[in-house]
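> Quick one: sequence and predicted model below, then my questions.
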Amino acid sequence: MTVVAVTGGKAGPGATTAALALGLSWPGPVLLVDADPCGGDMVPGMLPGRVGTERGLLSWLVATRRHTVLEAARVLAEHVVCLPEAPQVWLMPGVQHGGQAHPLASGGWERLARVLEREPTTGGRDVIVDTGRLSPGACWPVLAVADQILLSVRPTARSVQGARGAIDQLREHLGDLACVRLLICGAGEYSAKDVSAQLEVPVAGALPHDRSAAAVLTEGASTGMRSLKRSRLLRSAAGLAVELVEAALSNGAGAAAGGVVSP
């Protein structure tokens, strides 16, 4: 099993779009976690009006407040949403707005991090976490247990400048940038090589600017999954997803190929 966190800095392109694109393109069962403390867009984008308060991070925290970590892990699957359009994907909704994030800031992120560290807890699934934009209130304990962190950046001067601040935050909280890679999103005046040189962080891959596909993922625009799968965004994400799984396996994070077998 591998845990991949997708995050962004000031003026960074949407981490949610990238996380959803990767999840829908993942070469095996995957758990998508909406961990944006300011309020996530996964459910409004993919499942508008189809998810109640009985599923998600908050319901899981309430249900497991007196549980051990192992007990909390065992009931994780009861608080996810299965996507009918993509049966291999479990989605754990997050908070709807920042005002709901207090339970997460008061120990919730630590509990989630401890659960994600236990390989059997997700049924053999890899985990993709959308952390939203980095801030002091971000899900730092979860970021700390991620095997790979993808920092989304547009190849423009403004976005690269914002990414510098995000990198400073990551270094401060994590101690080093060993697991951090850049995810180049869209087009701009710089090449991926230029961005990597300026930020001194390797590039994991790139995703194209695809407004139509992004609108389906985060705005609730309607289209069929077959058409979405053929989009430039998801075709690029599929190639990147395979590379991320292979990297995890080669680094030992995916020992026993936990995330690429059926649960």
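Arrived safely. Residues are numbered from 1 along each chain as shown.

> Please count neighbours and contacts with C-alpha atoms only from this point.
Noted.

> next SSE after the helix or strand harbouring Ala197?
In the assignment (DSSP states H and E), Ala197 maps to helix 192-199. Toward the C-terminus, helix 192-199 is succeeded by strand 203-207 as the next helix or strand (DSSP H and E).

> Can you spell out which helices and strands pack onto the helix or strand following that next one?
Once strand 203-207 ends, the next helix or strand along the chain (criterion: DSSP H and E) is helix 211-218. Judged by 3 or more CA pairs under 8 Å, 6 or more residues apart in numbering; DSSP states H and E, helix 211-218 is in contact with helix 15-25, helix 42-46, helix 232-250.

> contacting residues around the last one?
Helix 232-250 has contacts (CA atoms under 8 Å, 6 or more residues apart in numbering) with 2, 18, 21-22, 24-27, 147, 204-210, 213-214, 228-229, 254-255, 257.

> Then the first one?
Applying CA under 8 Å, 6+ apart, the external contacts of helix 15-25 come out as 6-8, 30-32, 40-42, 86, 89, 128-133, 152, 207, 214, 217-218, 229, 233-235, 237-238, 240-241.

> hmm, which of those are the buried ones?
Buried members of the contacts of helix 15-25, scored by 16 or more other CA atoms under 10 Å, are 6-8, 30-32, 40-42, 89, 128-133, 152, 207, 214, 217-218, 229, 233-235, 237-238, 240-241.

> Pull up the gap between Trp60 and Leu76, please.
Using CA to CA, to the nearest Å, Trp60 is found at 7 Å from Leu76.

> Pro84 now?
Pro84 is 19 Å from Leu76, by CA to CA.

> Those two: which is more packed in?
Leu76 (22 against 10; other CA atoms under 10 Å).

> before we move on, could you check phi and psi at the more buried one?
Leu76 has phi and psi values of phi -60, psi -40 when expressed as degrees, to the nearest 10.

> picking that back up, spell out for me the PyMOL command that would select the buried members of the contacts of helix 232-250.
To isolate the buried members of the contacts of helix 232-250 in PyMOL, using 16+ other CA under 10 Å:
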select buried, resi 2+18+21+22+24+25+26+27+147+204+205+206+207+213+214+228+229+254+257
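
> For Ser196, which non-adjacent residue is closest in space?
Pro202 (5.6 Å; CA to CA, 6 or more residues apart in numbering).

> give me the number of residues near the residue nearest to Leu199 when sequence neighbours are not counted?
With sequence-adjacent residues excluded and distances taken as CA to CA, 6+ apart, Leu199 is closest to Arg164, at 6.6 Å. By other CA under 10 Å, the residues close to Arg164 number 17.

> Please confirm that Arg164 is located within a helix.
Yes - looking at Arg164 with DSSP: H, G, I helix; E, B strand; the rest coil, it is inside a helix.

> which residues touch the helix or strand containing Asp168?
Element membership of Asp168 [criterion: DSSP H and E] is helix 157-174. For helix 157-174, the surrounding residues in contact (CA under 8 Å, 6+ apart) are 8-12, 134, 140, 144, 151, 153-154, 176-177, 189-190, 195, 199.
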